[in-house]
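In: Got a sequence here, can you build the structure:
(one chain, ligands or ions: 2)
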Amino acid sequence: AQPPRETGSFRPTDLVELTQLDPTIRLDIRYATAQNFMGRVLYPQARAFLQRPAAEALAQVNAELKPQGYCLLVFDGYRPWRITKQMWDHTPADKKEFVADPRKGSRHNRGCAVDLSLWDIAANHEVPMPGEYDEMSPRSYAAYAGGTPAQRAARDLLRARMEAHGFTVLPAEWWHFDFKDWKAYPIQDVPFEKL
Ligand SMILES: C[C@@H](N)C(=O)N[C@H](C)C(=O)O
Ligand SMILES: [Zn+2]
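Out: Numbers count the residues shown, from 1 in each chain. Ligands and ions are numbered 1, 2, ... in the order given. Below you'll find the model as predicted:
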C-alpha cells in the first residue's frame, strides 16, 4: 500500500522535535509502547515531531499553561502514513470515526496534528479527563457532557488554550488537535528512525 498521490505545491517539510524546542513539554508516547489501542509497539522511538510553526505554537500554549499549574502531556505528533494504514485496518467499522482513513491521510501524517492532555505540575500526574486517550466511546467526544465538572473544565481549558494558538479540536476526540496550516504540508511516510 502507498500514501495517496497529492497534487499541488506544498511548503518544505520542517519537522521539529518538540522536546528540543521546549524541554518542559512532557511526553507519553503510547505508540512506542504496547499500551495503546493496537496492543503492540508501533514506533521504534518515544519521540514527537511537528512542523515548525505548529511546534512553536504548541510551545506558546505550554508557556501559557504554567501559571495555572499545568504543562502539556503529548501522546503523539507526526505519524508516518503506514501507521495510519495499520490503525485503520485494525479498527472495526463501527469505531472508524476514531481513526483517519489512509485514502485521505491523517493530519498527523502532515506533521500538523497532535494528541495531548494536561499534566498537573504540583501533583505530578496527568490531569483526569472525561475519558481516556484513544478510548473509542462517546466519552471521547469534545462535547461529551458526562464526567465530573473538574474533568470537563480541564478538557475545556486545554481546548481553549489550543484554539487560542491556531489549533482546532477534532469533534470525536478531546485530545486531537489540527494546526490551521495543515493543508500546506504533504502527507509523509518517513519512519521515525529516518527523521
Ligand atoms: C488514533 C487517534 N489517536 C487519532 O489520531 N485519530 C485521528 C482521527 C487520526 O488518525 O488522524
Ligand atoms: Zn490524533
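
In: Looking at the chain, which residue is nearest ligand 2?
Out: Relative to ligand 2, the nearest point of the chain is His176 (3.5 Å; C-beta to the ion). C-beta coordinates here come from the backbone N, C-alpha and C atoms, glycine included.

In: Quick check, that residue in contact with Cys112.
Out: No - using C-beta atoms under 8 Å as the test, His176 is too far from Cys112 to be in contact (11.5 Å).

In: Phi first, then psi, for the closest residue to Leu118 other than its chain neighbours.
Out: Nearest non-adjacent residue to Leu118, counting by C-beta to C-beta, 6 or more residues apart in numbering: Val127, 4.0 Å away. As for Val127, its main-chain torsions (degrees, to the nearest 10) stand at phi -80, psi 130.

In: Enumerate every residue touching Val127.
Out: Val127 makes contacts with 70, 117-120, 154, as judged by C-beta atoms under 8 Å, 6 or more residues apart in numbering.

In: let's go with 6 Å and repeat that
Out: By C-beta atoms under 6 Å, 6 or more residues apart in numbering, the contact set of Val127 is 118, 120, 154.

In: Pairing partners for the strand or helix carrying the first one, with directions?
Out: Spelled out, that is Leu118. Here Leu118 sits within strand 113-120, counting by DSSP states H and E. Partners of strand 113-120 in the sheet, by DSSP bridges, are strand 70-76 (antiparallel), strand 125-126 (antiparallel), strand 173-179 (antiparallel).

In: Need those in a markdown table (columns: distance to ligand 1).
Out: Formatted as a markdown table, the strands paired with strand 113-120 follow (distance: least, C-beta to the nearest ligand atom, whole Å):
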| stretch | distance to ligand 1 |
| --- | --- |
| strand 70-76 | 6 |
| strand 125-126 | 16 |
| strand 173-179 | 5 |
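
In: Perfect, that will be all.
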